[in-house]
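Student: Got a sequence here, can you model it:
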Amino acid sequence: MRSPRTLLFQTLGFAVLMVLLGLSVPGCISPPDYPDTPEIEFRKVTIQPVVNRFGPFDSVNITIGYRDGDGDLGLGQNDTLPPFNRYLPNTKIDNPQRINYFCQIQIRQPDGSFLNYTPPADVINGTYPNLTPASQGDRAAPLRGEIYYEFDISPTPELPPGTAIRFKVSIMDRALNRSNEVFTETVTIPQ
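Tutor: Residues are numbered from 1 along each chain as shown. Next comes the predicted model:
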């Protein structure tokens, strides 16, 4: 029969061995092999009516999942030089590469098809922040996660309450690679 002390040392020895094995396993795992062009997938969409001193509008929240092989996603506040400058050179025309989140409203038609709709003021396309971890520095490394994007839409004759809509979404990385497009679920503009 083993003494309690021998049993304790055997248990501790086994526990130490398991911890050492657990610490060595992450070193054997290779990073995921994602393409350098971002890939996205739809996760969730919500639309909520809001009324404030400026009038009624709807707040839209879209969640997408992303993965990118070199992790160059998003723009920081210091990303103001070409190709991300606000205006095209020597003009006051907005630079389309300054935007990295693209969203298109689509209105469901009576036959079930969808028709693109662009609101009078383009407040839907925009910029999501730099998602690259500071610890990554300038080196390429795979990155995955979720982007939560919120914007407001106001009622128009083309988008009255009760209209069924969906959104077509894509993103762009700092190398100007554009992702695949995804469609949200269909939502109804609140009454």
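
Student: okay, which residue is most central for this structure?
Tutor: Ile147 (2.6 Å; Cα atoms, centre = their mean).

Student: could you say which helix or strand contains that residue?
Tutor: Ile147 belongs to strand 143-153 when assigned by DSSP states H and E.

Student: Retrieve the pLDDT associated with the residue nearest to the centre of the chain.
Tutor: At Ile147, the predicted lDDT confidence score is 96.

Student: Which other helices and strands does the very next helix or strand once past the strand holding Ile147 contact?
Tutor: The helix or strand immediately downstream of strand 143-153 is strand 164-171, counting by DSSP H and E. In terms of contacts (3 or more Cβ pairs under 8 Å, 6 or more residues apart in numbering; DSSP states H and E), strand 164-171 is packed against strand 39-52, strand 55-68, strand 101-108, strand 114-117, strand 182-183, strand 187-188. C-beta coordinates here come from the backbone N, C-alpha and C atoms, glycine included.

Student: Show residues contacting strand 164-171.
Tutor: By Cβ atoms under 8 Å, 6 or more residues apart in numbering, the residues outside strand 164-171 that reach it are 38, 40, 42, 45, 60, 62, 64, 66, 73, 100-108, 114, 116-117, 128, 147, 149, 159, 178-189.

Student: circling back: was I right about the residue nearest to the centre of the chain contacting Tyr66?
Tutor: Yes: at 6.0 Å, Ile147 counts as touching Tyr66 under the criterion of Cβ atoms under 8 Å.

Student: Would you map out the domains in the chain?
Tutor: 1-30, 39-188 (automatic domain parsing).

Student: now do the same end-to-end measure for the last one.
Tutor: So the one you mean is domain 39-188. For domain 39-188, the separation between the terminal residues is 27 Å (Cα to Cα, to the nearest Å).
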